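Undergrad: Have a look at this prediction, sequence included:
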Amino acid sequence: MEAVPPCALFSLLRFTTVKAVSRGPAAIAADARRSVRFRPSGFQTAPSRRTFVKYDAVVVGASIAGLSTATHLAGAGWSIIVIDRRREIGIPVRCGEATGNRAELSRFVTIDESWIACDISGLVAHVNDSFSRKLPIRDGGVMLRRDRFEQSLAQSASAKGAHVLLNTPVTGLFIKNNHPAGVTLENGNIIEASFIVGADGAESSVGRWAGITRPLLLTEIASALQYRLKSNFCNDGFLHFFIGGSVIPHGYAWVFPKGNGMVSIGGGIYRCSPEQPSAKHFVDRFIKKHLGAEPPLETLVSGAIPVTLPPRRLSKENIVLVGDAGRQSNPLTAGGIMNALEAAESASRWLINCRNANGASVPDSYSAGWRRNQRRQHNLFMLLREIWFSIPESKLIPYLKTAFSLAGNDLDRSKPFKMPLLRFVEFMFIVFPLAIKRILILFK
């Protein structure tokens with residue numbers, strides 16, 4: 001089998017990359033404003049002979065975690081290829097799109113206002129039809145236009161030399177001398193790489209092939225569904241969360257602002273079961289109740305989110321997992337944008353150290369750092385979720401009132417959070433009997 005240099009891949013596989021040309025921020029912003037779509041051009045099946053192409057790293061999955069990792073590694077001078085089975089970067093958008101504020105995002109990316117839909121003014125919690133409480137939060141966060149955000153990340157990765165290959169399923173690991181040495185493509189071709197990054201989402205095949213993860217159980221995912229439509233309902237700049245058995249059992253519905261009169265209305269169910277109605281059933285019922293109309297099917301997106309703990313080791317040999325592939329989404333809220341950005345940066349730093357070691361063993365600082373910090377937070381969030389699910393409906397409102405009293409009347413995300421001591425003691429006294437029964441979650 002003949003080895004082929006990377007520069008020949010374009011003619012052999014007939015794929016389009018986002019061209020790596022020198023482009024300033026203004027040009028990238030202009031592309032994002034036009035909502036550039038990255039598509040294969042004249043995609044065809046590769047020639048019948050099997051071809052090999054060698055890169056420093058292959059990234060499987062062109063979403064936030066994968067594209068961010070590719071950007072970091074390409075910026076360090078690595079030859080990178082990003083492979084995704086989708087036909088377009090950022091499409092479809094399977095995300096609520098609420099994330100941290102500009103200061104938090106700017107730790108990882110250069111802010112481009114074209115991929116920010118609007119600012120978040122705070123949150124409102126609703127319990128069934130009997131209670132609601134508003135909490136203003138200054139500098140609370142932003143709502144992304146995630147399709148544009150991912151397209152901007154693809155532009156950044158490509159500008160640093162990364163190749164982006166779309167509409168191409170990865171079918172397995174390429175094993176050479178009993179070690180992973182790349183990936184195989186559906187058309188039979190092989191991408192060889194010194195390192196493999198699994199960023200292929202909740203159902204990550206790379207993680208399973210490598211033996212890092214196993215298939216998710218129904219109890220370990222949140223089944224989520226969302227519509228986008230024009231409405232004045234709860235369209236006030238706040239994130240609205242609706243909980244309670246009459247809304248969605250073991251889950252919540254949401255209404256998020258999207259700017260220009262648009263809102264995202266969705267819902268997610270934890271502890272999924274084949275016997276219970278789907279998330280769509282509850283969200284459709286919610287929309288009909290509050291808007292008096294059937295939701296438009298053309299704006300529907302759905303997906304599954306891992307809401308379990310990440311594996312203790314996020315790497316094995318030369319394979320590393322980032323984002324949902326590494327189960328790094330928040331098990332309480334199911335959010336994962338900031339975690340994906342942080343994981344990409346941390347994993348890239350470790351991979352660069354591995355390469356610089358020239359074959360010497362390098363401690364897995366990525367997995368260790370995640371266990372020491374973010375995974376402990378995930379343990380706490382999972383405990384809070386289990387406490388929430390164990391609260392009787394009749395006590396939801398008193399518990400929620402106490403929780404809101406801890407935050408005060410006006411939070412500012414740009415400043416340190418100060419919690420009233422007496423209120424905290426009162427809250428811990430209330431939840432202690434529920435927490436102590438589930439305390440082992442903290443030690444998983």
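TA: Structure's in. What do you need? Quick caveat: nothing in here was measured; it's all calculated off a predicted structure. Numbering: from 1, shown residues only.
Undergrad: Show the low-confidence segments of the stretch 301-444 of the chain, by residue range.
TA: Applying pLDDT under 70 to the stretch 301-444 of the chain picks out residues 408-410, 412-424.
Undergrad: One more pass at 80, please.
TA: For the stretch 301-444 of the chain, the stretches with pLDDT under 80 are 359-361, 405-431, 444.
Undergrad: next one: the stretch 51-200 of the chain
TA: Residue ranges of the stretch 51-200 of the chain with pLDDT under 80: 51-52.
Undergrad: how about 70 then?
TA: Applying pLDDT under 70 to the stretch 51-200 of the chain flags the ranges 51.
Undergrad: Okay, helices next: where are they in it?
TA: 64-75, 102-105, 146-159 (DSSP state H, counting those that start in this stretch).
Undergrad: between these, which one is nearest to residue 325?
TA: Comparing those by their distance to residue 325 (CB to CB), the top pick is helix 64-75, with 7.2 Å. Heads up, the C-betas are built off the backbone N, CA and C, glycines and all.
Undergrad: ok, back up a step: which one, of the helices of the stretch 51-200 of the chain, ends up nearest to residue 237?
TA: Among the helices of the stretch 51-200 of the chain, the nearest to residue 237 by CB to CB is helix 102-105 (15.5 Å).
Undergrad: The closest one: which residues count as buried?
TA: 104-105 (16 or more other CB atoms under 10 Å).
Undergrad: same check, this time on stretch 205-225
TA: Neighbour counts over stretch 205-225 (16+ other CB under 10 Å) mark 205-207, 209-210, 212-213, 216, 220-225 as buried.
Undergrad: Out of these, which two sit at the greatest distance?
TA: 210 and 225 (30.3 Å).
Undergrad: And the helices of the stretch 51-200 of the chain: which comes nearest residue 197?
TA: Per CB to CB, nearest to residue 197 of the helices of the stretch 51-200 of the chain: helix 64-75, 5.3 Å.
Undergrad: then that closest one to PDB, C-alphas only?
TA: Only the C-alpha atoms of helix 64-75 are listed here, as PDB (Å, rounded to 0.1, in the frame of the first residue of the first chain):
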ATOM      1  CA  ILE A  64     -16.600  23.000  20.000                       C
ATOM      2  CA  ALA A  65     -14.300  20.600  21.800                       C
ATOM      3  CA  GLY A  66     -12.800  19.100  18.600                       C
ATOM      4  CA  LEU A  67     -12.300  22.400  16.800                       C
ATOM      5  CA  SER A  68     -10.800  24.100  19.900                       C
ATOM      6  CA  THR A  69      -8.400  21.300  20.300                       C
ATOM      7  CA  ALA A  70      -7.400  21.500  16.600                       C
ATOM      8  CA  THR A  71      -6.900  25.200  17.000                       C
ATOM      9  CA  HIS A  72      -4.500  24.800  20.000                       C
ATOM     10  CA  LEU A  73      -2.500  22.000  18.400                       C
ATOM     11  CA  ALA A  74      -2.300  23.600  14.900                       C
ATOM     12  CA  GLY A  75      -1.200  26.800  16.600                       C
END
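Undergrad: helices or strands next to it in the packing?
TA: Packed against helix 64-75 by the contact rule (3 or more CB pairs under 8 Å, 6 or more residues apart in numbering; DSSP states H and E) you find strand 52-60, strand 80-83, helix 146-159, strand 190-198, helix 337-356.
Undergrad: Name the stretch among these that sits most buried.
TA: Burial of those is given as mean neighbour count (mean count of other CB atoms under 10 Å); strand 80-83 ranks first at a mean of 27.
Undergrad: Sheet partners, orientation included, of that strand?
TA: Its sheet considered, strand 80-83 pairs with strand 52-60 (parallel), strand 163-165 (parallel) by DSSP bridges.
Undergrad: Select, out of the helices of the stretch 51-200 of the chain, the one closest to residue 129.
TA: Nearest to residue 129, of all the helices of the stretch 51-200 of the chain, is helix 146-159, at 31.4 Å by CB to CB.
Undergrad: All set, thanks.
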